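1. fold the following for me, if possible:
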Amino acid sequence: MPVESSLCGIVTDVTYLEGLNEAQKRAVLTKDGPISVLAGAGSGKTRVLTTRIYHLIREGIPPEEILAITFTNKAAREMRERVNALLSHSSGESGPSPLVATFHGLGRELLESYGSAIGIPRFFSVYDRDDSEKAIANALKALDISAKEFSPRSVLSRISRLKGEGVSASEFYEKSARGSFGGRVTAEAWLSYEKALRAEKALDFDDLIVLPLRLLEGHPDVRERAQNRWRYIHIDEYQDTNLLQGRLAAILAGKRKNLFVVGDIDQTIYTWRGATIENLLEFDKTYPEAVTIILERNYRSTKNLVDAANAVIRKNKNRKEKSSTTENAAGEPIHIHATRTAEEEARWIAAKIRELVLSGEKPEGIAILFRTNFQSRALEESLLRAGIPYKLLGTRFFARKEVKDALAWMRLALDPSREADKLRAASSPPRGLGKVTLGKLAAGQRAMLRAGELAKVAQFESIILELEAAAKTLRPSDFVKLVIEKSGMRRAFFEEGNEDDRERFQNIEELASIAVRHDARPGQEGVAAFLAEAALASDQDEMDQGEKSGVTLMTVHAAKGLEFDTVFVSGMEEGLFPHQGMGSETARDEEEERRLFYVAMTRAKKRLFLVFAYLRIIYGSERFAEPSSFLDDLDRSLVTYDEYDAERVIEA
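-> Model prediction:
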């Protein structure tokens, strides 16, 4: 039955609001100005976001004037699909859609649309973390600095953090000229790194935030166009934004200030990566007119899990008060289990999972979380011995060599002048073109090549020219298939390769399946969008790339935003979780570790196992461990505790 909209006084069908609680409805219906939604774990924030976007469109806002920003490609795809499903169900046909993207995806959109104002080429490439580390390694090598003195990863992390604070390479170089040796090395490597990026017409992840901000701040005409393009802005996981992302959001919102942010201060776990909790914590100070809405009802977890998580996070001081509630059943108590060693811990977890699976639980509904990556080895070995299928997040699909080789061919088709991509493509599959030959070409010394070398070069360049022409007209998925054929990868990996090669070929073929997502934009724009998706993929995005099904293993950080029926958290030991590298420095760090534990607990829908070992070998040394202090935060009435069962472990 039609009902009257409370916002505009017109009769319209608002059945899409059914099932929302009062706080959720308020978030959906509050239309203009700055709005912050403090959303507890499992409180239905994604439904609120998608329903609000749909409501705005029903109220007459053109879809293309709505922007939604999330933190992973996976979350962006899911939100886009849900919004489009609502729109198509309502109208029965497809039409314009809101832009739903990650912050980096938004940066890419801004630079592709307006970047010529600051000299950004139309089809720039994006360095992923592996590409960036390699470039930093080359820069350190040129400075005669060994990786033992300064690891490329640590130097890149420092540069990334400085970029996130708005510091440029030249500014840091001037500042560090009289500073420490480490600072001078970082400054020199940074300048070389920036030179390498420019030579390859490439940007890195941080540039996708820094440069759009510079563009909007320095060009009023572009800023006005962007502000008029997106009149309503939504940002999910706002607690994970850094200073520059907060500034970018404020600039885009402009004078209208139609900024709708959703976040949970209790799930701020990325300050070590530059995120600032103050963006959400002080939102009402930045925007005094802001409306604050709190979503406290948990739809995900059992009451025991919700009450236990509340008790844990309540000990933090640097937060805004909220307490999750639920109408779900009490459910099982939290299981705390102790074992003698890390290996026995892994065997017990595998045995328990096997027991759950035999009782009817699906492996896909089970996750094993750990604080640090080294813990995965023993867990993987035990799952293999127990015959339990699993997938390990962090083994990134887009970082595999054969996949990166195929992507190099595709980038060359957009811009044949990229020397690094040319060198990579020329050797995959091998075609007799080495670094020396390609180096002569890059130096303009073609006349110095022998006849045989010239013939191979001509054949290689002919393939690139053919792919360059094809990229202008083909759908991205068809273009990927053509690259696989013309590059010789099908012949080398599938027709002439061994079993390992055929498995690699399946990974390459999967690229065509992923590229289908961009087939609505045939030609270079679609290919560029596909390449950007590949470069900006996160660990969670790997869950969608044709990986095998099974139990999921991942760090707690990687699990944020996900949910599982059953969750095991291994390594619940003092010094490991909370991690001694963070918890021993400041009260703020200790609170972040507790927030991380809160995230781990709230991933579980039905049951939670917290497991620890009394002995664990870390970096080659056997260490006696005390149970995590976080276990003391749990109400004893909500847990069941048992020591290790030696006989059961042996049977496993």
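2. grab the nearest non-local neighbour of Ser427.
-> Among residues not flanking Ser427 along the chain, Leu433 sits closest, at 7.1 Å (C-beta to C-beta, 6 or more residues apart in numbering). For every residue, glycine as well, the C-beta is placed using N, CA and C.
3. check Asp32 too.
-> Closest residue to Asp32 apart from its sequence neighbours, by C-beta to C-beta, 6+ apart: Asn258 at 5.8 Å.
4. one step back: surely the residue nearest to Ser427 is in a strand?
-> No: per DSSP: H, G, I helix; E, B strand; the rest coil, Leu433 lies outside any strand segment and is coil.
5. for it, give me phi and psi.
-> Leu433 has phi and psi values of phi -110, psi 110 when expressed as degrees, to the nearest 10.
6. tell me the contacts of it?
-> By C-beta atoms under 8 Å, 6 or more residues apart in numbering, the contact set of Leu433 is Ala426, Ser427, Glu453, Lys456, Val457, Phe460.
7. cool, Arg223 as well?
-> For Arg223, the contact set (C-beta under 8 Å, 6+ apart) comprises Leu216, Glu217, Ile251, Gly254.
8. list the buried ones in the helix or strand containing it?
-> Using DSSP states H and E, the element containing Arg223 is helix 220-229. By 16 or more other C-beta atoms under 10 Å, the buried positions in helix 220-229 come out as Val222, Arg223, Ala226, Gln227, Arg229.
9. and the next helix or strand past it?
-> Moving toward the C-terminus from helix 220-229, the next helix or strand (DSSP H and E) is strand 232-235.
10. can you list the strands that that next one pairs with?
-> Sheet pairing for strand 232-235, assigned by DSSP bridges, gives strand 66-70 (parallel), strand 259-263 (parallel).
11. what pLDDT, on average, does the next helix or strand after the last one get?
-> Tracing the chain past strand 259-263, the next element assigned as helix or strand by DSSP H and E is helix 278-281. Per-residue pLDDT values across helix 278-281 average out to 91.
12. need the contact partners of helix 278-281.
-> 36, 38, 238-239, 241-243, 245-246, 261, 263, 265, 268, 318-320.
13. stretch 306-315 now?
-> The contact list for stretch 306-315, computed with C-beta under 8 Å, 6+ apart, reads 41, 266, 298, 301, 319, 323-326, 328, 334, 594-595, 597-598, 601-602, 630, 633-635, 638-639.
14. mind running it again at 6 Å?
-> By C-beta atoms under 6 Å, 6 or more residues apart in numbering, the list of residues contacting stretch 306-315 from outside reads 266, 298, 323-324, 326, 334, 598, 601-602, 633-635, 638.
15. who's in contact with the spatially most distant residue from the centre of the chain?
-> Among residues of the chain, the one most distant from the C-alpha centroid is Ala451; the distance is 48.1 Å, by C-alpha atoms, centre = their mean. By C-beta under 6 Å, 6+ apart, no residues touch Ala451.
16. and if you look at Ile57?
-> Contacts for Ile57 (C-beta under 6 Å, 6+ apart) come out as Pro63.
17. quick one, strands of the stretch 351-500 of the chain?
-> 366-370, 390-392 (DSSP state E, counting those that start in this stretch).
18. partners of the lengthiest strand in the chain, with directions?
-> Ranked by residue count under DSSP state E, the longest strand found in the chain is strand 604-618. Counting by DSSP bridges, the strands paired with strand 604-618 are strand 334-341 (parallel), strand 564-569 (parallel), strand 621-624 (antiparallel).
19. so how far is the first residue of stretch 256-276 from its last?
-> Taking C-alpha to C-alpha, to the nearest Å, the first and last residues of stretch 256-276 lie 24 Å apart.
20. neighbouring contacts of it?
-> 32-37, 39, 45, 161, 164, 232-240, 242-243, 253, 277, 280-281, 313, 319-320, 592, 595-596, 598-599.
21. buried stuff in that stretch?
-> Going by neighbour count (16+ other C-beta under 10 Å), the buried part of stretch 256-276 is 256, 258-271, 274-276.
22. please apply the same query to stretch 389-406.
-> Tyr390, Lys391, Leu392, Leu393, Arg396, Phe397, Phe398, Glu402, Val403, Lys404, Asp405, Ala406.
23. wait, which of those is closest to Pro62?
-> Phe398 (34.0 Å; C-beta to C-beta).
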